[in-house]
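Undergrad: below are the sequence and a predicted model for it; my questions follow.
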Amino acid sequence: GPPGTGKTTSILALAHEMLGPSYREGVLELNASDDRGLDVVRNKIKMFAQKKVTLPPGRHKIVILDEADSMTTGAQQALRRTMEIYSNTTRFALACNTSSKIIEPIQSRCAIVRFSRLSDQEILGRLMVVVAAEKVPYVPEGLEAIIFTADGDMRQALNNLQATVSGFRFVNQENVFKVCDQPHPLHVKSMVKNVLDGKFDEACSGLKQLYDLGYSPTDIITTLFRVIKNYDMAEYLKLELLKETGFAHMRICDGVGSFLQLSGLLAKFALVRETAKA
């Protein structure tokens with residue numbers, strides 16, 4: 001699943017729950033910062049799997065491989081055999097963002113649990129607990145801004161909250177966007193509104209302002225996508241605008257003249273509007 005949705009935390013909580021006091025001896029955790037090449041799989045993981053550990057009845061040792069999709073194919077191939085040989089004594093938990101980067105033989109040996117992005121309500125619920133516990137002064141619009149910038153990532157939401165409180169001691173919309181340094185959704189929304197109202201030149205000057213403030217085209221187009229998604233308009237129009245935004249994002253990621261692509265995107269929006277009116 002995506003980052004910040006609680007994959008690693010869930011595995012660690014499960015390991016603590018299952019092994020209790022034996023957690024320290026019964027768990028081997030390797031993340032992306034550790035060397036996880038062929039040698040580590042053959043030596044470190046194998047030695048841990050062979051090690052005798054006293055555990056509660058019916059429990060197994062646990063090997064946690066965080067960000068397993070960054071392991072080389074060779075290391076994954078070696079892991080496959082190790083998983084098979086020591087399946088009686090050791091359980092393997094692999095966390096990754098993209099399951100397609102894990103080789104098929106390993107996937108077939110595992111039960112796959114998919115984590116989806118957290119909903120806005122789930123993030124808001126957790127933020128309310130944190131601000132109440134830490135006695136943080138805030139306004140509801142400030143928390144909405146944090147949820148907007150987090151985009152379903154709980155880790156990002158908590159980081160943004162902490163950064164805003166450290167910098168300004170008060171959580172409101174303006175402070176959050178200053179800290180996160182993302183284009184303000186209201187600015188982007190007015191840009192979309194101008195295009196849909198037929199004021200193309202004003203929309204272009206709004207885009208130029210954002211670009212001159214130093215925001216990267218990727219930031220602008222990501223915010224644009226979120227704004228359009230929540231914008232109140234006819235469904236046909238919204239689908240067309242999202243489709244064009246996706247194509248422009250793809251071209252920008254390929255490194256093609258970014259400001260030109262953004263301006264072209266606004267022109268496409270104007271054409272879509274004309275077609276919808278016709």
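TA: Perfect, I can see it now.
Undergrad: tell me how far A163 lies from T5.
TA: 20 Å (Cβ to Cβ, to the nearest Å). Yep, even glycine has a C-beta here, placed from its N, CA and C like the rest.
Undergrad: what ranges does the stretch 151-278 of the chain have for its helices?
TA: Secondary structure of the stretch 151-278 of the chain (DSSP state H, counting those that start in this stretch): helices located at 154-168, 173-180, 185-196, 200-212, 217-229, 235-253, 258-277.
Undergrad: and those as JSON lines, adding mean neighbour count?
TA: JSON lines is the format used below for these (neighbours: other Cβ atoms under 10 Å):
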{"stretch": "helix 154-168", "mean neighbour count": "18"}
{"stretch": "helix 173-180", "mean neighbour count": "20"}
{"stretch": "helix 185-196", "mean neighbour count": "19"}
{"stretch": "helix 200-212", "mean neighbour count": "16"}
{"stretch": "helix 217-229", "mean neighbour count": "19"}
{"stretch": "helix 235-253", "mean neighbour count": "16"}
{"stretch": "helix 258-277", "mean neighbour count": "16"}
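Undergrad: tell me which of those helices lies nearest to A32.
TA: helix 154-168 (14.8 Å; Cβ to Cβ).
Undergrad: distance from the chain centre to the closest one, please.
TA: For helix 154-168, the separation from the chain centroid amounts to 16 Å (computed by Cα atoms, centre = their mean, to the nearest Å).
Undergrad: rewinding a little: mind checking which of the helices of the stretch 151-278 of the chain is nearest R109?
TA: So among these, helix 154-168 is nearest, using Cβ to Cβ, at 28.8 Å.
Undergrad: where does I64 sit: helix, strand or coil?
TA: What DSSP: H, G, I helix; E, B strand; the rest coil gives for I64 is strand.
Undergrad: got a list of what it touches?
TA: I64 makes contacts with T8, I11, L12, A15, V27, L28, E29, L30, A93, A95, as judged by Cβ atoms under 8 Å, 6 or more residues apart in numbering.
Undergrad: and the residues you listed, which is closest to S108?
TA: Closest to S108, out of all of those and judged by Cβ to Cβ, is A93, at 16.1 Å.
Undergrad: which helices and strands does the strand or helix carrying that closest one pack with?
TA: According to DSSP states H and E, A93 maps onto strand 90-94. Counting contacts by 3 or more Cβ pairs under 8 Å, 6 or more residues apart in numbering; DSSP states H and E, strand 90-94 is packed against helix 7-19, strand 61-65.
Undergrad: quickly run through the sheet partners of that strand, with directions.
TA: Partner strands for strand 90-94, per DSSP bridges, with pairing direction: strand 61-65 (parallel).
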